[in-house]
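In: only the shape, not the letters, is given here:
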DNA sequence: GCTATTGTACCGATCGTTCGGTATAAACGC
DNA sequence: GCGTTTATACCGAACGATCGGTACAATAGC
């Protein structure tokens, strides 16, 4: 069998980029094809379920990356403050300072968002759970930890919207900076 | 001229609903037609510029509503706290407790978002400016007022995303509740 | 009768999807 | 070692449906 031009992971990375730039309905098969270098029919070889299948696999791929690249490091050794800092660095890099959109948000905005309800819910809760654990590790009470985690994700997502809407990426930077110092603070 | 079945304002209201439910690309002319009860040719009579024209007029319509229904009342008599409460009530009602999406967010997510850049920027800054004024009126320092206003919009937008993504509208309610008590607080 | 509005019919383009088929390389039989 | 089979990787061409948009005649209210 012929060696693939692109690994499956690379294909998924490029699809992820396209989906999060254009959104689910905005990313046409023609664009997804151009982004991957695979012609439309070839995409159907990897994703027999079509566009929907692509989106699902892309979300699973992202989840996997987050688990190994973000959530697991959070459970490793290190002070909560250091680990929070590392997480925020990763977030800042992933969103390129607010210039790149969030896949989850784009999928929420999809017309067929009901189809992606479960993976979306899973992704958001996993993210919040990770932050909550960090807060707990830092000694915050349960209820506080939960609301801090919720607020964390809310503000990252909101900052991405406002940054894109105002063309002012400073709001994303300021939000990240504020989170850096406030998430684990004993009182605020 | 024959009396229109729907006033222009009503048509714009229905278009607004459709756009914010389906998004810009997700809202097809067929759906916009069904939502307004106007056949395509009629839509093009009112909106010669087509879909793009509709979106622009819808945004202008929303802006107008916000100015008279939200921003101006904010400048009228009343304690800042009362006026903040009224604004949050309006927001909560407008988004139906987080169940309905934000038009601005949907337009940000549009593929042709560059076309709507100016009205989007205008809408976001008007909103933030209104909150900032309120904070100033409450006696907060300039820099604090600005960052509170920014954070206000960030959190409302973010809460809408997370609520939709997790199917948990409690996070929207909790965010609104928190804003109610924290926005004008002298320190937090 | 004039003008605003609508219904019908239509356009080319693009949408997501399917199918028939080719090229390559590993696996297998001998 | 050699020819055959088989699984995988990929592509070109076309599908029906729908997209946003247009042309124009019929209709309705003044």
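Out: The structure has been received and is ready for your questions. No experiment lies behind these values; they were computed from the predicted model shown.

In: near chain B at all, stretch A:12-21?
Out: No. In terms of CB under 8 Å from any CB of the partner chain, no part of stretch A:12-21 sits within range of chain B; the closest distance is 8.7 Å. All C-beta atoms are positioned from the backbone trio N, CA, C, and that covers glycine.

In: run the chain-centre distance for that stretch.
Out: When C-alpha coordinates are averaged (CA atoms, centre = their mean, to the nearest Å), stretch A:12-21 and its chain have centres 11 Å apart.

In: for stretch A:113-130, same thing?
Out: 10 Å.

In: strands of chain A, residue ranges please.
Out: For chain A, no strands are identified by DSSP state E.

In: return the residues of chain A in contact with DNA strand D.
Out: Contact residues (CB under 7 Å from any atom of the strand) of chain A with DNA strand D: A:1-6, A:37-42, A:44-46.

In: now do 10 Å
Out: A:1-8, A:11, A:25, A:29-30, A:33, A:36-46, A:111 (CB under 10 Å from any atom of the strand).

In: nearest residue to residue A:120 in space, please, no chain neighbours.
Out: residue B:165 (4.8 Å; CB to CB, 6 or more residues apart in numbering or on different chains).

In: what about the one you found, how many neighbours?
Out: 28 (other CB atoms under 10 Å in any protein chain shown).

In: residue A:122 is in contact with that one, correct?
Out: No. Residue B:165 is not in contact with residue A:122 according to CB atoms under 8 Å; the separation is 9.9 Å.

In: isn't residue A:22 up against residue A:32?
Out: No. Applying CB under 8 Å as the test, residue A:22 and residue A:32 come out as separate, 9.0 Å apart.

In: re the thing from before, show me the residues of chain A next to DNA strand D that map onto helices.
Out: A:8, A:11, A:29-30, A:33, A:36, A:40-46 (DSSP state H).

In: among these, which two are most distant?
Out: A:8 and A:30 (21.1 Å; CB to CB).

In: the residue of chain A found nearest DNA strand C - nearest residue in space that isn't next to it in sequence?
Out: Closest approach of chain A to DNA strand C (CB to the nearest atom of the strand) occurs at residue A:50, with a separation of 2.5 Å. Counting by CB to CB, 6+ apart, residue A:50 lies nearest to residue A:44, which is 6.7 Å off, once chain neighbours are set aside.

In: what subset of the residues of chain A next to DNA strand D is buried?
Out: Among these, those classed as buried by 16 or more other CB atoms under 10 Å in any protein chain shown are A:11, A:25, A:33, A:36, A:38, A:43, A:44, A:46, A:111.

In: save those residues as a markdown table, and put in pLDDT and distance to residue B:55 too.
Out: Conversion of those to a markdown table gives the following (pLDDT from 0 to 100; distance: CB to CB, whole Å):
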| residue | pLDDT | distance to residue B:55 |
| --- | --- | --- |
| A:11 | 93 | 33 |
| A:25 | 93 | 15 |
| A:33 | 95 | 28 |
| A:36 | 94 | 30 |
| A:38 | 93 | 33 |
| A:43 | 94 | 30 |
| A:44 | 95 | 33 |
| A:46 | 93 | 35 |
| A:111 | 86 | 16 |
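
In: between these, which is nearest residue A:79?
Out: Using CB to CB, these come closest to residue A:79 at residue A:11, 38.1 Å.

In: list the contacts for the nearest residue to residue A:22 once chain neighbours are set aside?
Out: Excluding the flanking residues, the one nearest residue A:22 by CB to CB, 6+ apart is residue B:111, at 5.4 Å. For residue B:111, the residues meeting the contact criterion (CB atoms under 8 Å, 6 or more residues apart in numbering or on different chains) are A:22, A:23, A:26, B:24, B:25.

In: just want the phi and psi numbers for the second one.
Out: Residue A:23 adopts backbone torsions of phi 90, psi 170, taken as degrees, to the nearest 10.

In: so how many other residues sit close to the nearest residue to it once chain neighbours are set aside?
Out: Among residues not flanking residue A:23 along the chain, residue A:106 sits closest, at 4.6 Å (CB to CB, 6+ apart). Burial of residue A:106 is recorded as 22 neighbouring residues (other CB under 10 Å).

In: so who does the closest residue to chain B within chain A touch?
Out: Chain A approaches chain B most closely through residue A:158 (2.6 Å), counting by CB to the nearest CB. Residue A:158 makes contacts with A:175, B:153, B:154, B:155, B:156, B:157, B:158, B:159, B:161, as judged by CB under 8 Å, 6+ apart.
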